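# Sequence plus predicted model, see below.
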Amino acid sequence: MRIARPKGTRDFEPEEMRARRWLEGFLRERFRSYGYEEVLTPTFEHARLFEEKSGEEILEEMYVFEDKKGRRLALRPEMTAPVVRMYNDSLKTRPHPLKLCYFVNCFRYEQPQRGRWREFWQAGVEILGSSEPEADVEVIELTHGIFDDLLPSDAFETRVGHLGILRGLLEEHGIGEERQNRVAHLVDKGELEGVRELLPEDVTERVLGIVTAESVSEVEEAIAGAEPAEEALENLLTISDQLKEAGVEHELDFSVARGLDYYTGMVFEVHVPELGGGSQCAGGGRYDTLVRDLGGPDVPAVGMAIGFDRLLMALELYDRVPGEELEGTRALLIPLTRSGKVWEVARELRELGWIVDVEVSGKSLRKALSMADSKGYDYAVIVGDRELEGGYVSVKNLETGEQEEVPLNELERAAEV
Ligand code: ATP
Ligand code: MG
C-alpha cells in the first residue's frame, strides 16, 4: 500500500539536502560570529503559549492536538514565544543582554503554494535585555548582511517601520490593545478598508495618513500632538540614521505591521520581489512586553526570523547556490570475499581521510566498477581472497585506469596509484 506525504510537506533529496546543509551552516556561522548562542526548545508546547500573544493569524494556522492525558498541545508555529518561555524558565539570571539564535522547523496549517508550506524552517535571533536602538540596529544589520552576502544587492529590499507610531496614535485616542492588534493585522494584510469599520472616522484618517505616508513629514502631520507616536517616530529615525551611517541600505515603510501581536516598536521585513507571492524572506521587530506577558520580568527584546526555505528559493533563483563540492578522496571498496578483513581495510582507509563506500550487494567486479565510475569516485579498492592471502589490495585509479597492488601494511600508498 502506498501512502502519500501529508499535504504541505516536502521530501528533500540528497542534492537539495546538500544545499540546505550548506545554507544552514552559513547562517549558523554568521550568528556565531556575532556572539549569538544557539538554543533549541521542544517541537510542541502547550497551545496556550501561542494563544496568549501570537495573534489571530497564527492561531487559525496552528496545529493543535490533545495528548493521551487530554493536554492541549501545539506544534510550534514560530520560535519567539518558545524562546521567551525558555528564558523565563531558566535563562533570566544570566548576564544581559542575552543574544540567542535558533534553527528549527515550524508548522502552520496554511494553504500550500509556492513558498508556503505546512512545515518550514526558520533561522532567527533574539536579543533579550536591551531597549536601546543599538539592539534594533544590530538585528537589522545582521539580517541585511546575510542577504547582502548571499544575493545581488538589487535583489532584495529591507523595509523598516515602527508599530509604536500606530499604537501610540491609537492609544492617544483611547483605543485599547486588542483593537490596536486588529488594526495592525488589517494594515499588515493591506486591508485598509477594514480599518474604517473598526475606528471612528477622524482616527481612521490619521491611521491611513500614517500607513500610506511616503515621507517622514507626512507621518509627522498625521500624528501631530500624539506624544507616544511622536516618540516612536523619533526612535525609528534614530535607528534609521545609524543604519544609514553603517551602510545598511533600507527604506522607511510605515505600512509594515507584521502579523504577530507581540510587536511593540521597530518592525522590519526583507523582501525578494522576484519571488512573487511569498516574497517576504525575513521579518522581525521589537517586542517589549512579551516577556512580562508570559509571566517573566519586565525585559525588553528584539529579534528576527529568516524564512529559510524562501531564502534558499531566492538563492536558487539567482543561481547563488554553490555547486557540489566533493571533498576528500572517494572510493568504492569492492569485496570479492566473505572475509571480515574487508571492514578493517575500509576502516584504515577512512582513518587516512578517505570516503569509503563498501559495495554490499554482491555485484560482480565489472558491475561494481561501472557503478564506481557512474558515482564519480576516484578509486576502486578490490579486496578478494587472492589479495588477502598475498597481503595486499588492488587499487584502481578510475581516472587514469591504472591499477596497482598496495600492501595491506602500507595502505597510505593507495593515494599514489
Ligand atoms: P507571510 O506574510 O508570508 O505569511 P508571516 O508574516 O506569516 O509571512 P513570519 O511569521 O514573520 O511570517 O515568519 C518569518 C518568516 O518565515 C517569513 O518572513 C517567511 O519567510 C517565513 N514563512 C512564514 N510562513 C511560512 C510558510 N508557511 N512556509 C514557508 N515560509 C514561511
Ligand atoms: Mg503568514
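Thanks, I have it. Residues are numbered from 1 along each chain as shown. Ligands and ions are numbered 1, 2, ... in the order given.

# hmm, the lowest-mean-pLDDT helix or strand in the chain touching ligand 1?
When each helix and strand of the chain is scored by mean pLDDT, DSSP states H and E, helix 56-60 comes last, with a mean of 81. No - Helix 56-60 does not reach ligand 1 (Cβ under 6 Å from any ligand atom); its nearest approach is 6.6 Å. For every residue, glycine as well, the C-beta is placed using N, CA and C.

# Kindly format the C-alpha coordinates of that helix as PDB.
Output of helix 56-60 as PDB, limited to C-alpha atoms (Å, rounded to 0.1, in the frame of the first residue of the first chain):
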ATOM      1  CA  GLU A  56      -5.200  35.700  15.300                       C
ATOM      2  CA  GLU A  57      -3.500  34.800  12.100                       C
ATOM      3  CA  ILE A  58      -1.200  32.300  13.700                       C
ATOM      4  CA  LEU A  59      -4.000  30.800  15.800                       C
ATOM      5  CA  GLU A  60      -6.000  30.000  12.800                       C
END
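
# Can you give me the buried ones in the helix or strand following that helix?
As assigned by DSSP states H and E, the chain's next helix or strand after helix 56-60 is strand 64-66. Within strand 64-66, no residue qualifies as buried by neighbour count (16 or more other Cβ atoms under 10 Å).

# mind listing what strand 64-66 pairs with, with the direction of each?
Note on strand 64-66: by DSSP bridges, its sheet partners are strand 72-75 (antiparallel).

# So what touches the strand it pairs with?
Residues from elsewhere that reach strand 72-75 (Cβ atoms under 8 Å, 6 or more residues apart in numbering): 43-50, 62-67, 106-107.

# Nearest to ligand 1, out of these: which one, please.
Checking the contacts of strand 72-75 against ligand 1 with Cβ to the nearest ligand atom, the nearest one is residue 106 at 7.3 Å.

# Could you list every helix and strand in contact with the one helix or strand the closest one maps to?
Assigned by DSSP H and E, residue 106 falls within strand 98-107. The contact analysis (3 or more Cβ pairs under 8 Å, 6 or more residues apart in numbering; DSSP states H and E) places strand 98-107 against helix 14-33, strand 37-38, strand 119-128.

# I'd like the next helix or strand past the second one.
Looking back up the chat, that one is strand 37-38. Downstream of strand 37-38, the next assigned helix or strand under DSSP H and E is strand 44-46.

# any idea of the mean pLDDT in that following strand?
Mean pLDDT, computed over strand 44-46, is 98.
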